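A.B. asks: The following comprises the amino acid sequence and a computationally predicted model.
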Amino acid sequence: MASTLKNLSDFSHIHVQSAKGFKFAIVVSQWNAQVTGALLNGAIDGILKNGGLQADIDVIEVPGSYELISGADIVLRNKDIDAVICLGCVIQGETRHFDFICDAVANGISNVAIKYNKPVIFGVLTTDNLEQALDRAGGKHGNKGEEAAITAIQMAHISKKY
Ligand SMILES: Nc1c(NC[C@H](O)[C@H](O)[C@H](O)CO)[nH]c(=O)[nH]c1=O
Ligand SMILES: CC(=O)[C@@H](O)COP(=O)(O)O
């Protein structure tokens, strides 16, 4: 369902299990910091509102969304983490660089999840412009960072169960 048809932060349709006892890493890009900072706040709020502890959240900043791949790999290689949340904002520019970054990040994050058999959540906005990004980072379409946190909580429970 397109974001315009729903609020990304409306979880009334699901039962969100507790985040208590799980350890999360949030890897966040510094590119478009106005947006990624809001995504980070949303993700942290999503974990804390559902019983998680601030002490169980590691935040790792990386330069750009492309570096989310390495950031997720480094943290999973070095820490016992239940789920990683990758937050970024890629905005179309004049060239095809946007396409290469988006494809690389989506595929790279998937590969890290498979490599470590851990949930690595794709919380990366890929927008035409800044307005669309702000709308999804605490604006009229909610906060994709909070959505990514809820996804991480759910996947952490699934990983623990099976
Ligand atoms: N244009 C955007 C970038 N570009 C930078 C890359 O992510 C990467 O850091 C660089 O290619 C060096 O490896 N990154 C974003 O996160 N958002 C953009 O809009
Ligand atoms: C996604 C990007 O790397 C892009 O914003 C860079 O802008 P440009 O394509 O104009 O170089």
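C.D. replies: The structure has been received and is ready for your questions. Ligands and ions are numbered 1, 2, ... in the order given.
A.B. asks: okay, now Leu130: neighbour count?
C.D. replies: 13 (other C-beta atoms under 10 Å). (Glycine included, C-beta is placed from N, CA and C.)
A.B. asks: Verify the stated contact: it with Trp31.
C.D. replies: No - contact between Leu130 and Trp31 fails when scored by C-beta atoms under 8 Å: they sit 11.9 Å apart.
A.B. asks: If you tally nearby residues, what's the number for the closest residue to Gly123 other than its chain neighbours?
C.D. replies: Among residues not flanking Gly123 along the chain, Ala148 sits closest, at 3.2 Å (C-beta to C-beta, 6 or more residues apart in numbering). Number of residues near Ala148 (other C-beta under 10 Å) recorded here: 24.
A.B. asks: From ligand 2, how far off is Ala148?
C.D. replies: Separation of Ala148 from ligand 2 (C-beta to the nearest ligand atom, to the nearest Å): 20 Å.
A.B. asks: what does Pro63 give?
C.D. replies: As for Pro63, its distance to ligand 2 is 12 Å (criterion: C-beta to the nearest ligand atom).
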